[in-house]
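**Student:** Please find the sequence and the predicted model below.
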Amino acid sequence: MKIIVLMKEVPDTWGDRTLNLETGLLDRAGSELVLDEITERALEVALTHRDSQKDAEVVLLAVGPSTVPASLRKGLAMGADRAVHVQDDALLGADMTLTAEVLAAAVRQIGFDLVIAGNISTDGGGGVLPSMIAELLGVAGLTSLSTVEISDSAVAGRRNIESGTFEVSAALPAVISITEALPDARFSNFKGIMAAKKKPFETRTLADLGLAPDESASRSIILAVAERPARTAGIKIEDDGDAGQQLADFLTQNQLIKGRSE
């Protein structure tokens, strides 16, 4: 079985994140970049299955700039068998539709039985790429799974929503996305870190994938970018005997409660 895990490099949520106000893109020079935690959990799902099925191969796949290989090496150190990095200047600022097309083309070229992704990234937060990729590949897509069971011919799991819980399954090949309900990723050890240096690592371009998007390939257009306004001080209510009335007036003015009818 060949399992492809979609990995993404994102700015560390514990650090400062800033946008380039001219381009609207992340200022990578001023951000500490790490593998998105949800994609590490996706990798753990794949590695856990491979631990019990020795014939499984786990392939990492990521799209991004020249900084990505350093992050992918972490995934290799955790235990993945090989990695594929799609890097092309034409992908700078790519939106989700273009990213999905590139990832689907790469998955198709690599070959797969199962694709595992996180349900939503911590930077863009779109949460639709797994479904888009499944559609482009023409296979079943099971999203936001809180449990995963993989067999030789199918994948199944539990999907929790506000109105209830669903038990879902699909025949392979398929695409799934997982939630933070799945276990944390394992730590890499010294042996894994050293082994990662010798594992196969490929870099592919759009031409290698048979794609040639033009400058208008990204379907999203940024009209304006601005810094988030600084937080202002709130309204302080002094209790001189009428604090309750002041609070009620404030809630009414902001349409948080309905005032008394006249």
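**Tutor:** Thanks, I have it. These figures come from a predicted structure and were not determined experimentally.

**Student:** use CA for all of it now, contacts and neighbours both
**Tutor:** Fine.

**Student:** quick one: low-confidence parts of the stretch 1-150 of the chain?
**Tutor:** Across the stretch 1-150 of the chain, the ranges flagged by pLDDT under 70 are 23, 28-30.

**Student:** For residue 144, which non-adjacent residue is spatially closest?
**Tutor:** residue 178 (4.8 Å; CA to CA, 6 or more residues apart in numbering).

**Student:** If you could redo that for residue 143, that was the one I meant.
**Tutor:** The shortest distance from residue 143 to any residue other than its chain neighbours is 4.7 Å, reached at residue 177 (CA to CA, 6+ apart).

**Student:** and the helix or strand hosting that neighbour, average pLDDT?
**Tutor:** Take DSSP states H and E as the rule and residue 177 turns out to sit in strand 174-178. Taken as a whole, strand 174-178 has an average pLDDT of 96.

**Student:** swap in stretch 228-240?
**Tutor:** 82.

**Student:** Return the distance of that stretch from the chain's centre.
**Tutor:** Put simply, stretch 228-240 sits 36 Å off its chain's centre (CA atoms, centre = their mean, to the nearest Å).

**Student:** Kindly check the end-to-end length of that stretch for me.
**Tutor:** Stretch 228-240 has an end-to-end distance of 36 Å (criterion: CA to CA, to the nearest Å).

**Student:** Write down the beta-bridge partners of residue 170, one by one.
**Tutor:** Assessed by DSSP bridges, residue 170 has beta-bridge partners residue 155.

**Student:** that older thread, tell me the contacts of the residue nearest to residue 143?
**Tutor:** Contacts for residue 177 (CA atoms under 8 Å, 6 or more residues apart in numbering) come out as 42, 116-119, 130, 142-145.

**Student:** Might one say that residue 79 is in contact with residue 45?
**Tutor:** No - between residue 79 and residue 45 there is no contact under CA atoms under 8 Å: 11.7 Å.

**Student:** sorry, back to before: what pairs with the residue nearest to residue 143 across the strands?
**Tutor:** residue 117.

**Student:** In three-state terms, label residue 109 for me.
**Tutor:** Under the three-state scheme (DSSP: H, G, I helix; E, B strand; the rest coil), residue 109 adopts helix.

**Student:** Mean confidence (pLDDT) on the helix or strand just after the strand holding residue 177, please.
**Tutor:** Per DSSP H and E, the first helix or strand lying C-terminal to strand 174-178 is helix 190-196. Mean per-residue pLDDT for helix 190-196: 92.

**Student:** now helix 190-196: how far from the chain's centre is it?
**Tutor:** The answer for helix 190-196 is 25 Å, by CA atoms, centre = their mean.

**Student:** CA atoms only for that helix - export them in PDB, please.
**Tutor:** This file holds the C-alpha atoms of helix 190-196, laid out as PDB (Å, rounded to 0.1, in the frame of the first residue of the first chain):
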ATOM      1  CA  PHE A 190      18.700  10.500  16.800                       C
ATOM      2  CA  LYS A 191      18.600   7.300  14.700                       C
ATOM      3  CA  GLY A 192      15.600   8.700  12.700                       C
ATOM      4  CA  ILE A 193      17.300  12.100  12.200                       C
ATOM      5  CA  MET A 194      20.400  10.400  10.800                       C
ATOM      6  CA  ALA A 195      18.400   8.100   8.600                       C
ATOM      7  CA  ALA A 196      16.400  11.000   7.200                       C
END
